[in-house]
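Chemist: Please find the sequence and the predicted model below.
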Amino acid sequence: MKQYLLTIILTAAITFALTWAVWKLSLRFKLYPGIRERDVHTTPTPRLGGVAIFLGIAAAIGVSALNPFFTTMWMPPQTMWSILAASLLIAVIGVVDDLWDLDWMIKLGAQFLAAGIITVGGGLQILSLPFGDLIVFSSWLSITITMFAIVIVMNAVNFIDGLDGLVAGVCLIANGVFFAYSYILTRDTGASSYFNLASFLAAVLIGACLGFLPFNWSPAKLFMGDSGALV
């Protein structure tokens, strides 16, 4: 548990510092769009908080490569590299959309490409669902279900991004619950180590949300934008 707490604190600290830097740079270079009809806020506000969130996540994952406790997570390394590559892709697409409004087809295509990088390239797949008896899917069905699950969740989170602190708060709560669930599940199944990738990623996201929230609390100084919500 100490390693996970350190991961949360480290990610939160890095994300907080980077969020402050992104906020200052956005104001200095006026990197913010005008007010839209559907916007709740009345003052032009930067939407590049997702850049800080992504960099905070990437930094935490990078540090984990140096921590012996997380060694198994990097064996094989393509799993973690696929997560980073997919996150980078979607963060870049989100930044471009936040600044210049991309066509929705381009964004959707990028989302499926990112999901493919994780499932095909990284090998992270939903292999079964607990509906009655345990169901094990074929490889292609597993890949398809996993890709759609990733894209659906990405858009579900993005769609609720409309109020100060909403997405960061919801994701903080959701990942807190998921962290507790995955940690307890690993402990109760008699594993020799309490480490698992799900708990680590949940801890990283908890830290990223904690580091970003102070700037996104009402009245928000900075929005995460698509680059943050989709990541």
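Modeler: Good, I have the coordinates. Please read all numbers here as calculations on a predicted model, not as lab measurements.

Chemist: C-alpha only now, for contacts and for neighbours.
Modeler: OK.

Chemist: remind me, longest helix of this protein?
Modeler: For the chain, the helix that runs over the most residues, judged by DSSP state H, is helix 2-28.

Chemist: so how far is that one off the chain centroid?
Modeler: 14 Å (C-alpha atoms, centre = their mean, to the nearest Å).

Chemist: just checking, what packs against it?
Modeler: Contact partners of helix 2-28 among helices and strands, from 3 or more C-alpha pairs under 8 Å, 6 or more residues apart in numbering; DSSP states H and E: helix 49-64, helix 197-216.

Chemist: which residues touch the residue nearest to Phe16 when sequence neighbours are not counted?
Modeler: Nearest residue to Phe16, sequence neighbours excluded (C-alpha to C-alpha, 6 or more residues apart in numbering): Gly211, at 4.2 Å. Residues near Gly211 by C-alpha atoms under 8 Å, 6 or more residues apart in numbering: 11-17, 19.

Chemist: Emit the PyMOL select command for whichever of these are buried.
Modeler: Here is the PyMOL command that picks out the buried ones among these, judged by 16 or more other C-alpha atoms under 10 Å:
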select buried, resi 11+12+13+14+15+16+19
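
Chemist: and the contacts of Gly211 as CSV, adding pLDDT?
Modeler: Converted to CSV, the contacts of Gly211 look like this (pLDDT from 0 to 100):
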residue, pLDDT
Thr11, 97
Ala12, 98
Ala13, 98
Ile14, 97
Thr15, 98
Phe16, 98
Ala17, 98
Thr19, 97
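
Chemist: and the host helix or strand of Ser227, how far from the chain's centre?
Modeler: Taking DSSP states H and E as the definition, one finds Ser227 inside helix 225-229. Centre-to-centre, helix 225-229 and its host chain are 9 Å apart (C-alpha atoms, centre = their mean).

Chemist: Now do the buried residues in the longest helix of the chain.
Modeler: Those buried within helix 2-28 under the rule 16+ other C-alpha under 10 Å are 4, 7-16, 18-20, 22-23, 26.

Chemist: Report the inter-axis angle for that helix versus helix 197-216.
Modeler: 40 degrees (axes from the mean of the first three to the mean of the last three C-alpha atoms, to 10 degrees).

Chemist: between helix 2-28 and helix 49-64, how many degrees?
Modeler: Angle between the axes of helix 2-28 and helix 49-64 is 150 degrees (criterion: the same axes, to 10 degrees).

Chemist: coming back round to it: could you identify which of the helices and strands packed on helix 2-28 is most buried?
Modeler: Of all the helices and strands packed on helix 2-28, helix 197-216 has the most neighbours on average by mean count of other C-alpha atoms under 10 Å, namely a mean of 24.

Chemist: What lies in contact with the worst-scoring helix or strand of the chain on mean pLDDT?
Modeler: Every helix and strand in the chain was compared by mean pLDDT, DSSP states H and E; the lowest is strand 135-136, with a mean of 72. For strand 135-136, the external contacting residues (C-alpha under 8 Å, 6+ apart) are 127-129.

Chemist: Closest one of the contacts of Gly211 to Phe159?
Modeler: Phe159 has its nearest neighbour among the contacts of Gly211 in Thr19, at 22.0 Å by C-alpha to C-alpha.

Chemist: Test my guess that Ile93 contacts Gly228.
Modeler: No: applying C-alpha atoms under 8 Å, one finds Ile93 not in contact with Gly228, separated by 10.6 Å.

Chemist: Poorly predicted segments of this structure, please.
Modeler: Residue ranges of the chain with pLDDT under 70: 32-44, 130, 132-134, 190-193.
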